[in-house]
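Visitor: show me how the following folds:
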Amino acid sequence: MSAPAWPDRPTHVGWLEQHLLGLLRFGRRTAADGGGAHWLDDDGAPDPSRGIQTWVTSRTVHVYSLGTLMGVPGCAPVVDGALAGLTGRLRDREHGGWFSSLDVDGRPEDGKSAYAHAFVVLAASSATAAGRPGAEALLAEALEVFDRRFWDVDAGLPVDTWDTAFSTLDGYRGINAAMHTTEAMLAAADVLAVVLGDEATARTCRRRATGILSKVASWAAANDWRVPEHFDAGWRVQLEYNADRRDDPFKPYGATVGHGLEWARLLLHGEAAALAAGEEPPADAVASSRALFDRAVADGWSVDGRDGFVYTTDWWGAPVVRDRMHWVAAEATATAAALWLRTGDQAYADRYAQWWDHVATTVLDHEHGSWHHQLDADNRPSGTVWPGKADLYHAVGATLVPRLPLQPSLAVAVREGLWRAPADA
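Guide: Purely as a prediction, here's the structure:
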């Protein structure tokens, strides 16, 4: 009899659990006085110079809601402290919605983004699953704002950026915001259906997510499975967008390897969610997921003589930014686990083991904790794009996806006790 695949080994599941607990300890100081969450430095200490970011705050609510649901002491106060920022000073009481960030003096940044608002929906969903005070009302408000301000009914996709007063819509459309909208809508659908008993709104959220997934898979298939990242107001592809800002943290030029991996995984979650609800899943979801995965790995993994995933490539697969971002490695392990779970193909379990070895030996910061958020092309810690260790979202996800079914989404799955403990593996 052959040895079980890594995701099935009790010792590995135990390692994931211990690593998750270590990550939650690392971020324990993130909640900010006055509400919200701090960006963390290399040691896990708050970095006030970065202000209070809505996306960091929302990811913190999400992560520590998962910890709360798992019964990890000390997580609930972090949730409540960060959540107070979303119900308080990050919320625009005049124009509605949420500021993208507050500067060091507490002044709001101009503009409002779908990216940040999608994370507010995710945060409110997870906090509602965890039963935190104020979360259910926040979820209702976040969905209403997203529906009214960011959802383009005709396109079946989210717009990207407004001015602060919601009076002028920018002409840019982006795949990054669409990706996190997909994640947020799947999460909200599960919380609405399972926790709140609102199947009608859950159905709307779920169908929006699967509609986005179908469009993105179609675009990627027409582009040799490299996901187009940038579009104009008519959703026409802009392949040369940000050619002069190639390492932008949110809108880099070219194909983003990690996004190919994330879309591959989201296709599997979207398929599972639709099938569980008796709805039509994205067409050819598994085949598309495999193709996205294969393209991202071929273009991104160890292509310059050293292990690690390059950040971006051009539209023919040549590396553009060779630095390695921690979130790409995290998404690689999670996607390999999801594909192994869906297909049973041992090749995905082998990749999963290979990449966790890489993470453990190269990406984890064994001295200070958490993961180095950026490594240079020689796998040395760097901070040109991602200084410090902003948050725990991707790393925590990498510890949970291998231990959960593809559906429901993380918070509801943990709430329902569906995660595998070491004794269950």
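Visitor: now the strands for the protein?
Guide: Secondary structure of the chain by DSSP state E: the strands cover 52-53, 101-102, 112-113, 151-152, 157-158, 161-162, 173-174, 230-231, 255-256, 312-313, 319-321, 324-325, 374-375.
Visitor: just name the most buried of the ones you listed.
Guide: For the strands of the chain, ranked by mean neighbour count under the definition mean count of other CB atoms under 10 Å, the leader is strand 324-325 at a mean of 28. Any C-beta I mention is one placed from the backbone N, CA and C, and that applies to glycine too.
Visitor: count the residues that sit near the residue nearest to residue 80 when sequence neighbours are not counted.
Guide: Excluding the flanking residues, the one nearest residue 80 by CB to CB, 6 or more residues apart in numbering is residue 132, at 6.2 Å. Applying the criterion other CB atoms under 10 Å, we find 22 residues in the vicinity of residue 132.
Visitor: got the contact list for residue 132?
Guide: For residue 132, the contact set (CB atoms under 8 Å, 6 or more residues apart in numbering) comprises 65, 68, 76, 79-80, 83.
Visitor: in a markdown table, list the strands of the chain along with distance to residue 35 and mean pLDDT.
Guide: What follows is the strands of the chain, written out as a markdown table (distance: least, CB to CB, whole Å; pLDDT from 0 to 100):
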| stretch | distance to residue 35 | mean pLDDT |
| --- | --- | --- |
| strand 52-53 | 8 | 98 |
| strand 101-102 | 10 | 98 |
| strand 112-113 | 18 | 98 |
| strand 151-152 | 27 | 98 |
| strand 157-158 | 26 | 98 |
| strand 161-162 | 23 | 98 |
| strand 173-174 | 28 | 96 |
| strand 230-231 | 33 | 96 |
| strand 255-256 | 32 | 96 |
| strand 312-313 | 35 | 96 |
| strand 319-321 | 35 | 96 |
| strand 324-325 | 29 | 97 |
| strand 374-375 | 28 | 97 |
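Visitor: could those strands go into CSV alongside distance to residue 126?
Guide: Supplementary listing: the strands of the chain in CSV, determined by distance: least, CB to CB, whole Å:
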stretch, distance to residue 126
strand 52-53, 18
strand 101-102, 21
strand 112-113, 20
strand 151-152, 21
strand 157-158, 20
strand 161-162, 25
strand 173-174, 24
strand 230-231, 29
strand 255-256, 25
strand 312-313, 30
strand 319-321, 31
strand 324-325, 23
strand 374-375, 26
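Visitor: residue 286 is nearest to which of those strands?
Guide: Closest approach to residue 286 among the strands of the chain is made by strand 255-256 (21.6 Å; CB to CB).
Visitor: other SSEs contacting that closest one?
Guide: Using 3 or more CB pairs under 8 Å, 6 or more residues apart in numbering; DSSP states H and E, the elements in contact with strand 255-256 are strand 312-313.
Visitor: neighbouring strands for the strand it packs on, and are they parallel or not?
Guide: Neighbouring strands of strand 312-313 in its sheet, by DSSP bridges, are strand 255-256 (antiparallel), strand 319-321 (antiparallel).
Visitor: which positions within stretch 380-400 qualify as buried?
Guide: Neighbour-count burial for stretch 380-400, counted by 16 or more other CB atoms under 10 Å, picks out 382, 386-400.
Visitor: again with stretch 238-253
Guide: Applying a neighbour-count criterion of 16+ other CB under 10 Å, one finds 241-242, 247, 251-253 buried in stretch 238-253.
Visitor: possible to save these as a markdown table with distance to residue 361 and pLDDT?
Guide: Formatted as a markdown table, the entries for these read as follows, by distance: CB to CB, whole Å; pLDDT from 0 to 100:
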| residue | distance to residue 361 | pLDDT |
| --- | --- | --- |
| 241 | 35 | 89 |
| 242 | 33 | 80 |
| 247 | 25 | 77 |
| 251 | 31 | 88 |
| 252 | 26 | 89 |
| 253 | 30 | 94 |
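Visitor: between those, which is nearest residue 162?
Guide: Taking CB to CB as the measure, residue 162 lies nearest residue 251 of the buried residues of stretch 238-253, at 16.3 Å.
Visitor: I'd assumed residue 308 was in contact with residue 258.
Guide: No. Contact between residue 258 and residue 308 fails when scored by CB atoms under 8 Å: they sit 11.8 Å apart.
Visitor: which of those two has more residues huddled nearby?
Guide: Taking neighbours as other CB under 10 Å, residue 258 and residue 308 compare with residue 308 leading, 26 against 23.
Visitor: residues in contact with the more buried one?
Guide: Counting by CB under 8 Å, 6+ apart, residue 308 makes contact with 301-302, 324, 329, 358, 362, 375, 379.
Visitor: give me every residue that touches residue 53.
Guide: Residues counted as contacts of residue 53 (CB under 8 Å, 6+ apart) are 37, 39, 100-101, 390.
Visitor: try it again at 6 Å.
Guide: Residues touching residue 53, when contacts are defined by CB atoms under 6 Å, 6 or more residues apart in numbering, comprise residue 101.
Visitor: again with residue 88
Guide: Under the criterion of CB under 6 Å, 6+ apart, the contact list for residue 88 reads residue 35.
Visitor: repeat for the one 3 residues further on
Guide: Shown here is residue 91, whose contacts under the criterion CB under 6 Å, 6+ apart are residue 98.
Visitor: ok, 10 Å please
Guide: With contacts defined as CB atoms under 10 Å, 6 or more residues apart in numbering, the neighbours of residue 91 are 35, 54, 85, 97-99, 120, 138, 141-142, 145.
Visitor: taking those residues one by one, which sit in helices?
Guide: Judged by DSSP state H, the subset of the contacts of residue 91 located in helices is 54, 85, 120, 138, 141-142, 145.
Visitor: out of those, which two sit at the greatest distance?
Guide: With distance counted by CB to CB, no two of these lie farther apart than 85 and 145, which are 16.1 Å apart.
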